[in-house]
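A structural model of the following input is requested.
(one chain, ligands or ions: 1)
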Amino acid sequence: MINVEHLNYSYAHNSQYALKDVSFHIEKGEVFGFLGPSGAGKSTTQGILTGLLPIQEGEGTVAGVDLRHISRDIFNKIGVSFEQSNVYGKLTALENLEFYRKLFDGPTMEPLELLKMVGLDQVKNKRASTFSKGMKHRLTFARSMLNYPEIWFLDEPTTGLDPGIASTIKDIIKQKNQEGATVFLTTHNMFIADELCHRVGFIVDGVLKVVDSPRNLKLKYGQPMVEVEYGDNGQLLTASLSLEEESDKEKLTGLIQGGKIQRMHTKEPTLEEIFIRLTGRGLE
Ligand SMILES: Nc1ncnc2c1ncn2[C@@H]1O[C@H](COP(=O)(O)OP(=O)(O)OP(=O)(O)O)[C@@H](O)[C@H]1O
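As a prediction, this is how the structure comes out:
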């Protein structure tokens, strides 16, 4: 569905590259998470894949469309929900969707149904200019589904939303994916990525460091850890101990032999911990 090879991109057309030799492939029906800190190159990649930025070096196809020769066809096949995508403030929520609906050549979803899905049906006749940031975000998200996209580009789909709405948005993404949509999702949020993505790519300073499933990454790069609760001089203490580091192993053996452990369980590494381990960087 998405294939890119050796993408390099420089905004200033000099040796300062925002993307450095980025290559990856995304299969039909995958939810692919593109993860990295601010300035890593996520938006630049998304810009190229959606035809907003030209390919400078390298090559790629999106839904069968060659990125060097973007045709109108691509806009009928993709859906885009980016933070900076505008909604028309003077139009109501419903009018916004009715307007965008007309731009597509193929079948489209019912605007009212979309507004219901994202919890905006009660305010369908209110102007978008009166909406909060979160409401505008939901309207943009709804708009991006209008044309039953084959590939759905989502930028931070749940950021800034209250937990109830964020959960609804996650459910919609899962549902649309089950119906066949391929999803390219960029985020700083490892929990969202872990929950939604079949595979993730870690990008830092324009370099794609690794692409794999969250499960494989945890198996390959996560340190096995145990969390123990133990009694010491009448106090209840806790410790996270690595099963690979000698000093931790000795401490654990001591606690077991001393009969001090009250509770013990294995701890799965988080994607964030693996990101830091592999890239030497945090996600903020
Ligand atoms: N319009 C632009 N002109 C010049 N440099 C830019 C422009 N947009 C981005 N850059 C630079 O390109 C690099 C990659 O930026 P990009 O926006 O792709 O990162 P990002 O991972 O999307 O970050 P964020 O999470 O903050 O959106 C950064 O060094 C950034 O400063």
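
Show me which residues of the stretch 51-200 of the chain sit near the ligand.
By C-beta under 6 Å from any ligand atom, no part of the stretch 51-200 of the chain sits against the ligand. For every residue, glycine as well, the C-beta is placed using N, CA and C.

In the stretch 51-200 of the chain, mark out all the strands, start to finish.
Using DSSP state E, counting those that start in this stretch, the strands of the stretch 51-200 of the chain run over 57-62, 65-66, 78-81, 151-155, 182-187, 199-204.

between those strands, which gets nearest to Asn125?
Between Asn125 and the strands of the stretch 51-200 of the chain, the tightest spacing by C-beta to C-beta is seen for strand 78-81, at 22.5 Å.

Pairing partners for the closest one, with directions?
strand 151-155 (parallel) (DSSP bridges).

Show me what the mean pLDDT comes to for the strand it pairs with.
Mean per-residue pLDDT for strand 151-155: 95.

Spell out which residues sit in contact with the spatially closest residue to Tyr9 that is not a sequence neighbour, please.
Spatial nearest neighbour of Tyr9, excluding adjacent residues (C-beta to C-beta, 6 or more residues apart in numbering): Leu19 at 4.2 Å. By C-beta atoms under 8 Å, 6 or more residues apart in numbering, Leu19 lies in contact with Leu7, Asn8, Tyr9, Gly41, Thr44, Thr45, Ile48, Gly206.

what's the fourth one sitting at in phi/psi?
Listed backbone geometry of Gly41 is phi 120, psi 10, with angles given as degrees, to the nearest 10.

Can you get me a residue count around Glu110?
11 (other C-beta atoms under 10 Å).

Okay, it and Lys124: tell me how far apart.
For Glu110, the distance to Lys124 (C-beta to C-beta, to the nearest Å) stands at 12 Å.

How about Gly64?
35 Å.

Looking at the two, which has the bigger crowd around it?
Per other C-beta under 10 Å, whichever of Gly64 and Lys124 has more neighbours is Lys124, with 16 against 11.

Grab the nearest non-local neighbour of that one.
Spatial nearest neighbour of Lys124, excluding adjacent residues (C-beta to C-beta, 6+ apart): Leu94 at 4.4 Å.

from memory that neighbour sits against Asn125, does it?
Yes. Between Leu94 and Asn125 there is a contact under C-beta atoms under 8 Å: 6.5 Å.

Kind regards, and thank you for your time.
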